[in-house]
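# Structure for the following, please:
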Amino acid sequence: MERHGIIRLGKGDALPAALRGGIVALGNFDGFHLGHQAVVGRAVERARAEGRPALGATFDPHPMRFFKQDTPWFRLSKLEQRAELMQAAGVDALLVFDFDAELAALSAEDFVTARLVEQIGAAGVVTGADFTFGKARSGDVAMLAALGATHGFSTDTVGAVALDGETVSSTRIRTALRDGRPRDAARLLTRPFTIRGEVRHGDKVGRTIGYPTANVDMSNYLRPAYGIYAVRVALADGRVVGGAANLGVRPSFDPPKELLEPYLFDFSGDLYGQVIDVALIEFLRPEAKFDTLEALTEQMAADCTRAREILAGD
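Numbers count the residues shown, from 1 in each chain. You can find the predicted model right below:
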């Protein structure tokens, strides 16, 4: 078992005996939004009623990334974030199938027999209604139910969850974030979109103008609208600090470099090397290029004032 309760399963890897015979919530679960929560909630409910382990199961890399490696970054969460959220919902462990050429080539029937039956010994599988699996996505929930009846495991399908008359989906969340609407995304996620990353050394320009920032690489996260955000930052020691962050390429500086750069209010300390969580609360304005440092610092002061007001009333 890896950190965060994650168990990676390549071909031939065995699941610990204590976790075999579980009820498995199966899907991609990127972002763990309201719809995903419904699927996992059903699996946990059934597992508890039957006295079995409750398991989440997903794929890494995401199948889309495997088949189309030039796809723009689209992730809403890292694996460890999903594992933590699932564990908070009652899951005992998150199983991660390594999505490689061999797994991609498995027929729907072979995926069920080799992975769900033989490798993890699933007693039950819960999915969303639109779940597909197997080579060329040839398997659907009807086929899964038929294969479950053949191989002796139960199946359960959870219908789509709607909010404001529309289906909750990762696509809808990504659209909200790209449009600069983090509060809309947060309602679908049930929490703010949060980027987790290690604080790295930057060029330290912020220090020279009175706004030292923590530089966080965007990794494979979706790129929300570039601009300035009011944020809340969770530190490694458990503290949560308000701030204002630039997310983008810093057009006032040369050369451009894509970064997430939160400035933490009323904070002093060394964060280098620490992993922090930066939650996007509200979009303040798009990125802009300033002709002088004076104009930039004046705007940053205004941004920070507005961010403080937003966070105080949030």
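# Which residue ranges make up the domains of the protein?
For the chain, automatic domain parsing gives the domain ranges 3-163, 186-313.
# Centroid-nearest residue for the chain?
For the chain, the residue nearest the mean C-alpha position is Ser77 (1.3 Å; Cα atoms, centre = their mean).
# now the closest residue to that one other than its chain neighbours: how far from Leu222?
Distance criterion Cβ to Cβ, 6 or more residues apart in numbering; nearest residue to Ser77, sequence neighbours excluded, is Gly31 at 5.2 Å. In short, each C-beta sits where N, CA and C put it, glycine included. Gly31 sits 9 Å away from Leu222, going by Cβ to Cβ, to the nearest Å.
# between those two, what contacts are shared?
Shared contacts of Gly31 and Leu222 (Cβ atoms under 8 Å, 6 or more residues apart in numbering): Leu76.
# Could you check which of these two is surrounded by more residues?
Gly31 (27 against 21; other Cβ atoms under 10 Å).
# Point out where this protein drops to low pLDDT.
Along the chain, segments meeting pLDDT under 70 span 1-4, 202-210, 250-256.
# Where do the strands of it begin and end?
For the chain, strands defined by DSSP state E occupy the ranges 6-9, 23-26, 54-60, 93-98, 124-128, 154-158, 162-163, 166-167, 194-200, 215-216, 227-234, 240-248, 259-264, 275-286.
# Need these in JSON lines (columns: distance to Arg181 and mean neighbour count).
Converted to JSON lines, those look like this (distance: least, Cβ to Cβ, whole Å; neighbours: other Cβ atoms under 10 Å):
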{"stretch": "strand 6-9", "distance to Arg181": "31", "mean neighbour count": "18"}
{"stretch": "strand 23-26", "distance to Arg181": "28", "mean neighbour count": "28"}
{"stretch": "strand 54-60", "distance to Arg181": "26", "mean neighbour count": "25"}
{"stretch": "strand 93-98", "distance to Arg181": "29", "mean neighbour count": "22"}
{"stretch": "strand 124-128", "distance to Arg181": "24", "mean neighbour count": "25"}
{"stretch": "strand 154-158", "distance to Arg181": "26", "mean neighbour count": "19"}
{"stretch": "strand 162-163", "distance to Arg181": "14", "mean neighbour count": "12"}
{"stretch": "strand 166-167", "distance to Arg181": "14", "mean neighbour count": "12"}
{"stretch": "strand 194-200", "distance to Arg181": "16", "mean neighbour count": "19"}
{"stretch": "strand 215-216", "distance to Arg181": "21", "mean neighbour count": "23"}
{"stretch": "strand 227-234", "distance to Arg181": "12", "mean neighbour count": "22"}
{"stretch": "strand 240-248", "distance to Arg181": "14", "mean neighbour count": "22"}
{"stretch": "strand 259-264", "distance to Arg181": "18", "mean neighbour count": "24"}
{"stretch": "strand 275-286", "distance to Arg181": "7", "mean neighbour count": "19"}
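# Reformat the ones you listed as TSV; add distance to Ala38.
TSV is the format used below for these (distance: least, Cβ to Cβ, whole Å):
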stretch	distance to Ala38
strand 6-9	22
strand 23-26	10
strand 54-60	13
strand 93-98	17
strand 124-128	8
strand 154-158	5
strand 162-163	11
strand 166-167	12
strand 194-200	21
strand 215-216	31
strand 227-234	26
strand 240-248	28
strand 259-264	30
strand 275-286	23
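# Quick check: which of these is nearest to Trp73?
For the strands of the chain, proximity to Trp73 was assessed by Cβ to Cβ; strand 194-200 is nearest, at 11.3 Å.
# on contacts alone, who are the packing partners of the closest one?
If you count contacts as 3 or more Cβ pairs under 8 Å, 6 or more residues apart in numbering; DSSP states H and E, strand 194-200 packs onto helix 79-88, strand 215-216, strand 275-286.
# contacting residues around the nearest residue to Ala244 once chain neighbours are set aside?
Excluding the flanking residues, the one nearest Ala244 by Cβ to Cβ, 6+ apart is Ala307, at 4.1 Å. By Cβ under 8 Å, 6+ apart, the contact list for Ala307 reads 229-231, 242-244, 265, 282, 284.
# Let's see that with 7 Å instead.
Residues counted as contacts of Ala307 (Cβ atoms under 7 Å, 6 or more residues apart in numbering) are 230, 244, 284.
# pretty sure the last one contacts Tyr229?
Yes - with contacts defined as Cβ atoms under 7 Å, Leu284 counts as touching Tyr229 at a distance of 6.2 Å.
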